[in-house]
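J.: okay, structure incoming, though there's no sequence with it:
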């Protein structure tokens, strides 16, 4: 607790020195406790500067993604409910958390990685996860049926959109079902995975995994992502941006999750939709792709489309859609 409090105090005074006595008085602990906490944070890799007769400071430009930095930014209710762990690199945060969940890890465990070597998106596709992004997964154990699991993605999309807007101060839209758009490009993808208890018909656990692009990679986007991927910032983000984004997402998601039955998130999810009125190619799994115009999203979070040349509405509960030019009528 003292580590988180000290990190929060230094974060709020970035670039300025706070004396050990000032920190001790502010937190109601001894100077020895302050010294031990600072030593522990530095051992964890947090670049705290210490100068005799001046005290401690975080460098103004330091990019800190540390569990205590994130926890210090959580609301008291959320901080009590969650346990945050941060790693430099994982093959994938969802995969790692699935293993922990199967070993009966408690609800509220959050794994965060600064990069992923084998990140995954929907349908088993790879998810480009270079350093500089934010990749996180949250374990929940809801009393949901499998059919209700889609609402976890919906809640996460709303929470992620709010968190991104808090950070970059620009409008964020949602592309059904699990992508966030800024200026027409994908800045966040959300992979939700679940395990079902066959006897009860309810979820045993679910993992909600948003991955955020904060800045473009130094070498540029891979060829297959050109014109598709975007980032919250075009240059270096403000100091502490990743910790602030992680905390903002958790602060937004957890209350929505805890009050799920009210579905307070649904009107905002519908209002943020980016596809209504667009012409798309629908790729419904094994069936043939077809062109359609998007009409909207219904209360069950199905995408409503009108296939080209037909006067009927199709409700899509799964599948992929890609924006394409409208067909030319000769």
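T.: The structure has been received and is ready for your questions. Computed from a predicted model, the values in this text were never measured in an experiment. Residues are numbered from 1 along each chain as shown.

J.: which parts of the stretch 151-300 of the chain are strands?
T.: For the stretch 151-300 of the chain, the strands defined by DSSP state E, counting those that start in this stretch occupy 173-175, 179-182, 185-196, 203-212, 279-283, 290-297.

J.: of all these, which lies closest to residue 54?
T.: With C-beta to C-beta, the closest approach to residue 54 among the strands of the stretch 151-300 of the chain belongs to strand 203-212: 35.5 Å. C-beta coordinates here come from the backbone N, C-alpha and C atoms, glycine included.

J.: pLDDT (mean, whole number) over stretch 251-264?
T.: For stretch 251-264, mean pLDDT rounds to 94.

J.: wait, residue 303 sits on residue 293?
T.: No. With contacts counted by C-beta atoms under 8 Å, residue 303 stays clear of residue 293, the gap being 11.3 Å.

J.: so for those two, which sits in the more crowded spot?
T.: Comparing residue 303 with residue 293 by other C-beta atoms under 10 Å, the one with more neighbours is residue 303, at 24 against 16.

J.: buried sites along stretch 87-107?
T.: Residues of stretch 87-107 classed as buried by neighbour count (16 or more other C-beta atoms under 10 Å): 87, 90, 92-98, 100-101, 105, 107.

J.: give me whichever of the strands of the stretch 151-300 of the chain is most buried.
T.: With neighbours taken as mean count of other C-beta atoms under 10 Å, the strands of the stretch 151-300 of the chain reach their highest mean count in strand 203-212, at a mean of 23.

J.: packing partners for that strand?
T.: Where contact means 3 or more C-beta pairs under 8 Å, 6 or more residues apart in numbering; DSSP states H and E, strand 203-212 is packed against helix 93-102, strand 134-140, helix 150-168, strand 185-196, helix 241-258.

J.: by how many degrees do that strand and helix 150-168 diverge?
T.: Angle between the axes of strand 203-212 and helix 150-168 is 30 degrees (criterion: axes from the mean of the first three to the mean of the last three C-alpha atoms, to 10 degrees).

J.: quick one: mean pLDDT over strand 203-212.
T.: The average pLDDT for strand 203-212 rounds to 96.

J.: listing partners with orientation, what would you give for it?
T.: Here strand 203-212 has these sheet partners by DSSP bridges: strand 134-140 (antiparallel), strand 185-196 (antiparallel).

J.: which residues are in contact with the longest one?
T.: With C-beta atoms under 8 Å, 6 or more residues apart in numbering as the contact definition, strand 185-196 has outside contacts at 94, 98, 101-102, 120-122, 127, 146, 149, 152-153, 156-157, 160, 164, 172, 175, 178-181, 202-213, 227-232.

J.: picking up where we left off before, between the helices and strands packed on strand 203-212, which one is closest to residue 315.
T.: With distances scored as C-beta to C-beta, the stretch of those nearest to residue 315 is helix 150-168 (12.7 Å).

J.: so that closest one versus strand 290-297, what angle?
T.: Counting by the same axes, to 10 degrees, helix 150-168 lies at 80 degrees to strand 290-297.

J.: just to revisit the earlier point, tabulate the buried residues of stretch 87-107 (a markdown table), appending pLDDT.
T.: Listed next are those as a markdown table, based on pLDDT from 0 to 100:
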| residue | pLDDT |
| --- | --- |
| 87 | 90 |
| 90 | 91 |
| 92 | 93 |
| 93 | 95 |
| 94 | 95 |
| 95 | 94 |
| 96 | 96 |
| 97 | 97 |
| 98 | 96 |
| 100 | 97 |
| 101 | 96 |
| 105 | 97 |
| 107 | 98 |
